[in-house]
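Q: can't give you the sequence, but here's the structure:
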């Protein structure tokens, strides 16, 4: 009888050991949500699955907060208030929004206006629903284009106000907002007891720490010709990788495809490039640079990227040629 009792104790001991060992394995929590008008996928890796899920929820809460701050579609947001008072008066804003706008203007200067948050002045005359449409009247495009000018966004640091000089001007963060939200979400998630995290905002990816299987995160770069198929992979760690493509938001006119990215210099959507992937440490900067390369085109875009430190890119043009910056190393399929 004593032997049986000891056997039971032994079995229970080893079961407890096994359960303890299992609890020490890395585990992953992942959630897909729609925010900022696109799909987000938030992942956290931890030895404590509850902590991983907590990190995911905190990441989502941070993205929701950013959306309320920068959304130009929310009539109550500070961004909408800036737009509503264009040509009328300066608007006092939170320091966070003020600094985002100031950084956006620095990128406009760096790219000679290829990236410009005042592109929003023309966005309402275009529809990117993946179908054949007629082009708007050239006079309408030109009238709207005249309101695009990052130099007419006046920031007062003392009072943290933003003023759009010309009536009818608008700003929008479609070319930088997702990257900024990914940065902020990862920053919040890192404060918890987790080993790694990744935020994927429809191609705007920010990683930190390790993935579930390896020390690095494996990112698949989409093939613009075939939806759902990859063209190359890249291993990243504490890095950002942003891909902008003309295969999700676009329209066609007489068989020609137009990207959702507006050229601030012309007021028309860009053509000639199918996809731009930018790799650098900061998701906000990568997001803005991907937009700028689309606008600048192949040659000027590569010149821009190649003169920046620790920044690389992959460009796929309309003829399906794959062109990389000087030091980018990819694993092609």
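A: The structure has been received and is ready for your questions. What you see is a predicted model, and the numbers here were worked out from it, not measured in a lab.

Q: how about the helices in the protein?
A: Remark: helices assigned in the chain by DSSP state H are 2-23, 49-70, 78-84, 95-110, 138-145, 177-189, 283-296, 298-306.

Q: Need the winner for burial among those helices.
A: helix 283-296 (a mean of 28; mean count of other CB atoms under 10 Å). For glycine as for every other residue, the C-beta is placed from the backbone atoms N, C-alpha and C.

Q: Run the chain-centre distance for that helix.
A: Centroid separation between helix 283-296 and its chain, computed with CA atoms, centre = their mean, to the nearest Å, is 10 Å.

Q: and that helix, what does it pack onto?
A: When contacts are defined as 3 or more CB pairs under 8 Å, 6 or more residues apart in numbering; DSSP states H and E, helix 283-296 packs onto helix 95-110, helix 177-189, strand 204-209, strand 240-245, strand 273-280, helix 298-306, strand 312-317.

Q: picking that back up, export the helices of the chain to TSV and tack on distance to residue 167?
A: Formatted as TSV, the helices of the chain follow (distance: least, CB to CB, whole Å):
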stretch	distance to residue 167
helix 2-23	62
helix 49-70	22
helix 78-84	11
helix 95-110	19
helix 138-145	12
helix 177-189	24
helix 283-296	25
helix 298-306	32
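
Q: would you turn the ones you listed into TSV with mean pLDDT and distance to residue 332?
A: Output for the helices of the chain, formatted as TSV (pLDDT from 0 to 100; distance: least, CB to CB, whole Å):
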stretch	mean pLDDT	distance to residue 332
helix 2-23	39	38
helix 49-70	97	31
helix 78-84	97	40
helix 95-110	98	30
helix 138-145	93	39
helix 177-189	97	25
helix 283-296	97	20
helix 298-306	97	19
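
Q: Figure out which of the helices and strands packed on helix 283-296 is closest to residue 53.
A: Among the helices and strands packed on helix 283-296, helix 177-189 comes nearest to residue 53, with 11.4 Å by CB to CB.

Q: now the angle between strand 204-209 and that closest one, please.
A: Angle of helix 177-189 versus strand 204-209, following axes from the mean of the first three to the mean of the last three CA atoms, to 10 degrees, is 20 degrees.

Q: thinking in terms of the whole chain, how far from its middle is helix 177-189?
A: For helix 177-189, the distance to the chain centre is 9 Å (CA atoms, centre = their mean).

Q: Over to stretch 111-131?
A: Centroid separation between stretch 111-131 and its chain, computed with CA atoms, centre = their mean, is 16 Å.

Q: tell me how far the ends of it are from each other?
A: Length of stretch 111-131, first residue to last, CA to CA, to the nearest Å: 31 Å.

Q: again with stretch 26-45
A: Terminal residues of stretch 26-45 are spaced 7 Å apart (CA to CA).

Q: who touches it?
A: With CB atoms under 8 Å, 6 or more residues apart in numbering as the test, stretch 26-45 has contacts from 46-49, 51-53, 55-57, 59-60, 63-64, 66-67, 71, 73, 177-178, 181, 185, 189, 192, 194-202, 209-212.

Q: Which of the residues in it are classified as buried?
A: 26, 27, 28, 29, 35, 36, 40, 42, 43, 44, 45 (16 or more other CB atoms under 10 Å).

Q: can you list the helices and strands packed on helix 283-296 in CSV and add distance to residue 262?
A: Shown next, in CSV, are those (distance: least, CB to CB, whole Å):
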stretch, distance to residue 262
helix 95-110, 14
helix 177-189, 15
strand 204-209, 18
strand 240-245, 12
strand 273-280, 14
helix 298-306, 16
strand 312-317, 18
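
Q: Which one, of those, ends up nearest to residue 252?
A: Nearest of the helices and strands packed on helix 283-296 (CB to CB): strand 273-280, 13.4 Å.

Q: Just give the number of residues close to residue 320.
A: The number of residues packed near residue 320 is 12, by other CB atoms under 10 Å.

Q: Repeat that for the one 3 residues further on.
A: Neighbour count for residue 323, taken as other CB under 10 Å: 15.

Q: For the nearest residue to it once chain neighbours are set aside, list the residues it contacts.
A: Spatially, and ignoring its direct neighbours in sequence, residue 323 is nearest to residue 315 (4.7 Å; CB to CB, 6 or more residues apart in numbering). Applying CB under 8 Å, 6+ apart to residue 315 gives the contacts 273, 275, 276, 277, 293, 298, 301, 302, 322, 323, 324.

Q: What of residue 216?
A: Here residue 216 is in contact with 210, 235, 236, 237 (CB under 8 Å, 6+ apart).

Q: Please report how far it lies from residue 199.
A: 16 Å (CB to CB, to the nearest Å).

Q: how does the chain divide up, domain by domain?
A: 27-70+183-332, 78-164 (automatic domain parsing).

Q: Relative to residue 36, how far out is the residue lying closest to residue 132 once chain neighbours are set aside?
A: Nearest non-adjacent residue to residue 132, counting by CB to CB, 6+ apart: residue 252, 5.0 Å away. According to CB to CB, residue 252 and residue 36 sit 26 Å apart.
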